[in-house]
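J.: okay, here's the prediction I keep looking at, along with the sequence it came from:
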Amino acid sequence: MKSLKYLEWIRTKPCCVCGSLSEPHHLKRIGMGRNRKKDLVEHYTAVPLCRSHHEQAHRSKDYEKRDSGRWLLLIS
């Protein structure tokens, strides 16, 4: 249950790019069909991104590579 509390905490933080209201973005992919309401180690890779930057992160060519968060540097 601790990782779910971490996600709750992430939701209270501003977007790490622009400072707007945020939602958790997982740097380590969880995968389709997995129960995101379970305690998962991947939750600890979440960072706060606003909806716009979250969508931009998913569209980034570097997103698929998971190049140590390089995409985050590109959009900031």
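T.: Alright, I've got the coordinates. Numbers count the residues shown, from 1 in each chain.
J.: gap between residue 20 and residue 60?
T.: If you measure residue 20 against residue 60 using CB to CB, to the nearest Å, the figure is 18 Å. All C-beta spots, glycine's among them, are computed from the backbone N, C-alpha and C.
J.: out of these two, which sits in the more crowded spot?
T.: Between residue 20 and residue 60, counted using other CB atoms under 10 Å, residue 60 has the larger neighbour count: 16 against 13.
J.: can you report phi and psi for residue 6?
T.: Here is the backbone geometry of residue 6 (degrees, to the nearest 10): phi -60, psi -40.
J.: make sure it is actually in contact with residue 42.
T.: No - taking CB atoms under 8 Å as the definition, residue 6 is not a contact partner of residue 42, at 10.8 Å.
J.: three-state assignment of the residue most central in space within the chain?
T.: The residue lying closest to the centre of the chain (CA atoms, centre = their mean) is residue 25, at 1.3 Å. When the structure is split into helix, strand and coil by DSSP: H, G, I helix; E, B strand; the rest coil, residue 25 lands in strand.
J.: contacts only, for it.
T.: If a contact means CB atoms under 8 Å, 6 or more residues apart in numbering, then residue 25 has 46, 47, 48, 49, 53, 54, 57 as its contacts.
J.: verify the stated contact: the last one with residue 48.
T.: In this case it means residue 57. No - applying CB under 8 Å, one finds residue 57 not in contact with residue 48, separated by 11.6 Å.
J.: tell me what the residue nearest to the centre of the chain is bridged to.
T.: residue 47 (DSSP bridges).
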